[in-house]
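Colleague: show me the folded form of this:
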Amino acid sequence: MKNSVLVLMCAATLMACKKNETTSTESNTDSSMMTVPADSVMAVDSTTMSGMGDNQTGNLSEQDKMFANEAAKGGMTEAMLGQLGADNGTNAKVKSHGQMMVSDHTKANQELKSWAASAGYSLPATPDAAQQKIAEDLRAKKGAEFDRAYTDIMVSEHEKAINLFRKQSTDGSDAALKAFATKTLPTLEQHLQHTKEARDAVK
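Modeller: Purely as a prediction, here's the structure:
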């Protein structure tokens, strides 16, 4: 009888040990399956985000970048000069021309900024030094002298802008930027015509 009890007790002890080993193994397996190295997740995310940023501007050609930069500076310059024409002009055609420049170029500048934001591209924040000097020199003029100088400058600026936009409309690579140039070109051509009419009126 004592031998039977001893055998049963040994068997129970062995079963308990095996159960503990199984539970420990399952726990370790579950733990290893649930643990993911944090560094590997961050590395993937970082690489992916970096690639997205590169793709946003990586597809722009040198022509696209040149156009975007020059169009931004030129647009700001023409809006600035237009404000001077509206404020300081003495001829009615000069004043109305200046108001049109401010309205149309401010709108075009905003469209270009919207494109830049979506493309992740940084545009110049101000006109360049030479363009700012043109505005400073014009600001110093008064009366009929101002009107003549203003219209001469605006004819020159719009001829340069038309050539810039025409080249982008044919040679640009970025579809949205090319469409912007094509859409804006007729407005610039109208501006040039109005500018020449204003120049004739102040001769």
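
Colleague: name the surrounding residues that touch stretch 171-191.
Modeller: 59-61, 63-64, 67-68, 71, 100-101, 104, 108, 111-112, 115, 118-119, 154, 158, 161-162, 165-166, 168-169 (C-beta atoms under 8 Å, 6 or more residues apart in numbering). C-beta: built from backbone N, CA, C; applies to glycine.

Colleague: how about a cut-off of 6 Å?
Modeller: For stretch 171-191, the external contacting residues (C-beta atoms under 6 Å, 6 or more residues apart in numbering) are 60-61, 63-64, 108, 115, 158, 161-162, 165, 168-169.

Colleague: least confident secondary structure element in this protein?
Modeller: Every helix and strand of the chain was ranked by mean pLDDT, DSSP states H and E. The lowest is helix 38-58, at a mean of 38.

Colleague: flag the shaky bits of the protein, pLDDT-wise.
Modeller: 1-57 (pLDDT under 70).

Colleague: can you map out the helices along it?
Modeller: Under the criterion DSSP state H, helices of the chain are mapped to 2-34, 38-58, 62-88, 92-119, 129-139, 143-171, 175-201.

Colleague: re earlier: now the contacts of stretch 171-191: which count as buried?
Modeller: Burial by neighbour count, 16 or more other C-beta atoms under 10 Å: within the contacts of stretch 171-191 this picks out 60, 63-64, 108, 115, 158, 161-162, 165, 168-169.

Colleague: Glu70: neighbour count?
Modeller: 17 (other C-beta atoms under 10 Å).

Colleague: oh, I was asking about Leu185
Modeller: By the criterion of other C-beta under 10 Å, Leu185 has 17 neighbours.

Colleague: can you check Ala176 too?
Modeller: So Ala176, with other C-beta under 10 Å, has 14 neighbours.

Colleague: look up how far Lys167 lies from it.
Modeller: 17 Å (C-beta to C-beta, to the nearest Å).

Colleague: in contact with Met154, which residues?
Modeller: By C-beta under 6 Å, 6+ apart, the contact list for Met154 reads Thr195.

Colleague: quick one on the thing from earlier: would you mind giving the contacts of stretch 171-191 as CSV with distance to Lys203 added?
Modeller: Listed next are the contacts of stretch 171-191 as CSV, based on distance: C-beta to C-beta, whole Å:
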residue, distance to Lys203
Leu60, 43
Ser61, 42
Gln63, 38
Asp64, 40
Ala108, 29
Trp115, 39
His158, 18
Ala161, 23
Ile162, 22
Phe165, 28
Gln168, 33
Ser169, 33
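
Colleague: name the nearest of these relative to Asn91.
Modeller: Relative to Asn91, the closest of these is His158; by C-beta to C-beta it sits at 18.0 Å.

Colleague: how much space between Ala201 and Tyr150?
Modeller: To Tyr150, Ala201 is 12 Å away according to C-beta to C-beta.
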